[in-house]
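>>> Just to be clear, the model below is a prediction. Sequence and coordinates:
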Amino acid sequence: MPKPALFVYGTLHPDRAPREIAEEVKRMVRIGEGTIRGHLDHTADYPAVRIGPGLTQSILGTVFEIPDDPAFLARLDAYEDFRPDDPANSLFVRKLIEVTLNDGNRRTCWIYVYNRPAIAAGAC
């Protein structure tokens, strides 16, 4: 069984991570590029993916193997404002999604999904 992985499309990427999470995400190991289906919004500060029925935009991201550290995802959850005990009030929620890698293989990965209404056009 493959190690847990994370699909990254924004600020969790080691090359773009802000200071408060940079050291953490540098611990991830790059697997490769991949795509998912959804919709990518842009807030003033960060990209925000939504997934669900009818959302069919192809979103490019990078898949990373995550460290074998039980606290690793908890630290990412805190950065993304995902509260597992209160998902309705979380800014992002962490979900499993199937990613199609560029080599055609599929991989189940964690992803942080935007947990607010769609951003109005022109709000970016």
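Noted; the coordinates are in hand. Residues are numbered from 1 along each chain as shown.
>>> Residue 82: neighbour count?
By other Cβ atoms under 10 Å, 21 other residues sit near residue 82. (Glycine included, C-beta is placed from N, CA and C.)
>>> so what's it up against?
90, 91, 92, 93, 94, 112 (Cβ atoms under 8 Å, 6 or more residues apart in numbering).
>>> now with 6 Å?
90, 92, 93, 94 (Cβ atoms under 6 Å, 6 or more residues apart in numbering).
>>> What residues are bridge-paired with the second one?
Beta-bridge partners recorded for residue 92 (DSSP bridges): residue 114.
>>> Over to residue 15: give its phi and psi.
In terms of degrees, to the nearest 10, the main-chain angles of residue 15 are phi -80, psi -10.
>>> I misspoke; the intended subject was residue 105.
According to degrees, to the nearest 10, residue 105 has phi -70, psi 160.
>>> Could you do residue 35 as well?
According to degrees, to the nearest 10, residue 35 has phi -130, psi 150.
>>> correct me, but it touches residue 58?
Yes. Between residue 35 and residue 58 there is a contact at 5.1 Å, judged by Cβ atoms under 6 Å.
>>> ok, these two, which is more surrounded?
residue 35 (16 against 10).
>>> Skipping adjacent residues, who's closest to residue 101 in space?
residue 34 (4.4 Å; Cβ to Cβ, 6 or more residues apart in numbering).
>>> what are the bridge partners for that neighbour, then?
For residue 34, the beta-bridge partners are residue 61, residue 101 (DSSP bridges).
>>> buried sites along the helix or strand where residue 98 lies?
According to DSSP states H and E, residue 98 maps onto strand 92-101. For strand 92-101, the buried set under the neighbour-count rule, 16 or more other Cβ atoms under 10 Å, comprises 92, 93, 94, 97, 99.
>>> distance of residue 74 from residue 91?
According to Cβ to Cβ, to the nearest Å, residue 74 and residue 91 sit 16 Å apart.
>>> So the two - more neighbours on which side?
Applying other Cβ under 10 Å to residue 74 and residue 91 shows that residue 91 carries more neighbours, namely 15 against 12.
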